[in-house]
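Visitor: here is a sequence with its predicted model. Questions after.
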Amino acid sequence: MGLGRMDPGFPHPIGATLEGSQGSTRSPRRKAGRPCPFDRRRRFQPVTPVQPRVPSPLRKVVPFPFDWERAPDSPPPGGIWGEGNSTDSTDTCCQKRRGSDSGRCKMRCRRMQIRATATPSTEKAKGRIQRINSNRYVDPKSKLEWSQDGKRMVLKETEQQKINPIEKMKLRKDPLQMMEWIEEMADQDFETLDASGKEAQEDIDMRLKWLGLFHRRKQHYGHFMSRLKVPNGILTSSQMRVLATAVASYGSQGCGDLTTRQNIQVRGLKLSQAPELLRGLAQCGLTSLQSGMDNVRNAVGSPLAGIDPLEVYDTRQLCEDLTNYITMDQQGNPRVTNLPRKWNVCVVGSHDLYEHPHINDLAYWPAKKNGRFGFNLLVGGYFSATKCEEAIELDAWVGEEEAVEACDAVLTTFRDLGARSSRQKCRMMWLIHDLGLERFRQEVEERMPGKSLERAGTSLMDASYTRRDYHGVWPQQQTGLNYVGLNVPTGRIQAADMFEIARLAEEYGSGEIRITVEQNYILPNIPDKNVESLLQEPLLTTGEGFASPFVPYPGNLMKHLVACTGSQFCGLAMIETKAQGKALTEAIEATMVVPADVRMHWTGCPNTCGQVQVADIGFLGCKTTDKTTGKKVEGVKVFLGGKIGHDSILGTEIAELPCQHLLPYVQQLLEEKFNAVQKESLTVEDKHAVERWEHFPFNSGGTPNVFPANENGKYVSLSESTS
């Protein structure tokens, strides 16, 4: 595909290319005499305040639907969240027949008002998306066909041999039907429902994932996690308050996580609370539909989209368009809900490759061809328990106006031809290997409009570019405005700090909040005059009143710390990751001087949701033998050498050891590989950080009994947890 230096002469309509000769750092937007916004060595240096020019928000800002002065568990006005905002035919029934005290429809309508009004695509894009999703043609080679009632896609009878248990579960009952039954399920006693038979257990543990609801049977029985879709990782303050109100209503069980796909997961709800959450999401323009199991994950874009002085492409609208296509404008899309496995997509917006395109099933890479802007396509990147591979070039280019059609062509190729046997061999890269890259490309081409797919164009990305740090204060492309990157240790968030980040976004910026794939926040559109006051806020300094501070200038280890859910909530994880990763990082930063950024990732099991293979140092949870005692204990496999960016490479496993022996091992590794040095003396705070690591409850199982959901890494003693 030619992922080399960008062509500075290409006239990109968004102002992506640099003015003048190759290598110039002059911005076409910058007026003469103003400080250069590209000088990344410059921290915040106030300039003469000007009237901020805040771009119109892409997302529709909706009135906050709750009275948050009321108790979190009290019903919202009108009895339910989202009443009157749905276009569903049950509105009339529910409005006319609602009981005066119950707040629920006495007719027990099965179709509840959980469908959101999607953030609109442009009129042209909307028309294209509607045409794509109205196309019911299925390639004769496909393993799927439309069901007799025409409501879903099912495996052909000839393809139903030697399929995995998940495929059998999908055959027995359409998971998307849970949209019709969630209200009735929520009305029932959970334990009685769970004990009523295999179908009910499949509904609870598997099919509800199509609605973004994940039962935590092993670690948190009766409680669920809800995974959202947040295109490009951009939220409004109103939407964040909706989520904060929900988390607060779950009491001691409630918390949230920022994810490695610019997304949010809300934890602690019971099934009886699920309809209320789904209605709340629908009212504020969010959805959790099609966010789990064999569906397309959150569309990732540049966290600096629309504000980056060095932007190549503003990824926001395309991420919205892809999400609207995938979810059929948040109504549920039966064309793409029966995939062989999960599927990831991202849109690259800058030379920094903040989106990590090489680990996505489909990545849009800005490129030009014949004077037109568009994208080269990368395909097949994935992580799994048995194999990890980087995306490869498809040798294909599509114009910006056909980007959604290209997604449909690649996705339906995977849907039609992907394996349905061993779950470990059902990701799209396995299909690419089985068919061969050129044959796979031909299948994609047959599904494109006009059955035509051009060969790769000229890359607009600069392969020599060094990735910028987004933490701290940086000038935007809009004169007088700045974005502020905040570190959220391991991505764990609580109701209090969620309310607070919404307030800060409104009071100091434009009410917009952004999430990065490193599980951090960015607050954009902060006028020069507001920066110093923002930096003095307690959440950004001492963290007083909150579970953890979100500082703008963290240490070189903490700023890139990533951790999966871990055994606190995930039944697959073999170790606790978030608290343990945070404690180890604090102990290392307390005892060593690390001169450059080092990315450390933690994951609790071989599924590697924490993406340890792309980290400088990765920790993959396992059970290992402590050689000093001969006992089986919680341990990690250590990976070294992963890289992201233009020279991306997957790290390799170099060691396996018990978790309690990690501190001296990692200290030595940092000295040998990253030029770190031991501190000559420790402060009182440094010593406390080391003590916290030494007293960490290793081998405790890491469950919510040991690590309370809303304590951000704090834990009860082993004696308390076992009493």
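Guide: Thanks, I have the structure now. Residues are numbered from 1 along each chain as shown.
Visitor: how much space between Phe373 and Pro524?
Guide: To Pro524, Phe373 is 24 Å away according to Cβ to Cβ, to the nearest Å. Yep, even glycine has a C-beta here, placed from its N, CA and C like the rest.
Visitor: between those two, which is the more surrounded one?
Guide: Neighbour totals were compared for Phe373 and Pro524, and Pro524 leads with 26 against 22 (other Cβ atoms under 10 Å).
Visitor: can you tell me the SS state at that one?
Guide: Following DSSP: H, G, I helix; E, B strand; the rest coil, the label given to Pro524 is strand.
Visitor: separation between the nearest residue to Glu401 once chain neighbours are set aside and Gln130?
Guide: Among residues not flanking Glu401 along the chain, Lys124 sits closest, at 7.5 Å (Cβ to Cβ, 6 or more residues apart in numbering). To Gln130, Lys124 is 11 Å away according to Cβ to Cβ.
Visitor: and if you look at Gly642?
Guide: Taken as Cβ to Cβ, the span from Gly642 to Gln130 is 41 Å.
Visitor: who's more crowded, those two?
Guide: Set Gly642 next to Gln130 and count neighbours by other Cβ under 10 Å: Gly642 wins out with 21 against 15.
Visitor: who's in contact with Tyr521?
Guide: 258, 485-486, 488, 501, 513-515, 550 (Cβ atoms under 8 Å, 6 or more residues apart in numbering).
Visitor: that one and Tyr470, how far apart?
Guide: For Tyr521 relative to Tyr470 (Cβ to Cβ), the value is 10 Å.
Visitor: need the overlap of contacts for these two.
Guide: Common neighbours of Tyr521 and Tyr470 (Cβ under 8 Å, 6+ apart) are Gly485.
Visitor: what stretches of the stretch 601-723 of the chain score poorly on pLDDT?
Guide: The stretch 601-723 of the chain contains residues with pLDDT under 70 at 717-723.
Visitor: kindly recompute the last result at 90.
Guide: For the stretch 601-723 of the chain, the stretches flagged by pLDDT under 90 are 606-608, 643-645, 647-650, 703, 705, 710-723.
Visitor: may I see the buried residues of stretch 248-264?
Guide: Neighbour counts over stretch 248-264 (16 or more other Cβ atoms under 10 Å) mark 248-250, 253-264 as buried.
Visitor: of those, which pair is most distant in space?
Guide: Ser249 and Thr260 (26.5 Å; Cβ to Cβ).
Visitor: show me the helices in the stretch 301-450 of the chain, by range?
Guide: Along the stretch 301-450 of the chain, counting by DSSP state H, counting those that start in this stretch, helices occupy 316-327, 403-417, 428-435, 437-446.
Visitor: just name the most buried of those helices.
Guide: Most buried of the helices of the stretch 301-450 of the chain, by mean neighbour count (mean count of other Cβ atoms under 10 Å): helix 316-327, with a mean of 26.
Visitor: so which other helices or strands are in contact with that one?
Guide: helix 123-134, strand 345-347, helix 403-417 (3 or more Cβ pairs under 8 Å, 6 or more residues apart in numbering; DSSP states H and E).
Visitor: gap between Asp194 and Val666?
Guide: Following Cβ to Cβ, the distance that separates Asp194 from Val666 is 42 Å.
Visitor: more crowded one of those two?
Guide: Legend: neighbour count by other Cβ under 10 Å for Asp194 and Val666, higher for Val666 (22 against 19).
Visitor: any idea which element the closest residue to the more buried one other than its chain neighbours lies in?
Guide: Among residues not flanking Val666 along the chain, Ile588 sits closest, at 6.1 Å (Cβ to Cβ, 6+ apart). Ile588 is part of helix 578-591 when elements are defined by DSSP states H and E.
Visitor: can you list contacts of that helix?
Guide: By Cβ under 8 Å, 6+ apart, the surrounding residues in contact with helix 578-591 are 489-492, 555-558, 561, 563, 565-566, 568, 594, 600, 602, 619, 659, 662-663, 666-667, 670, 678-679, 682, 685-687, 689-690, 692-693, 696, 702, 707, 712-715.
Visitor: next structured bit after that helix?
Guide: Downstream of helix 578-591 (by DSSP H and E), the next one is strand 592-593.
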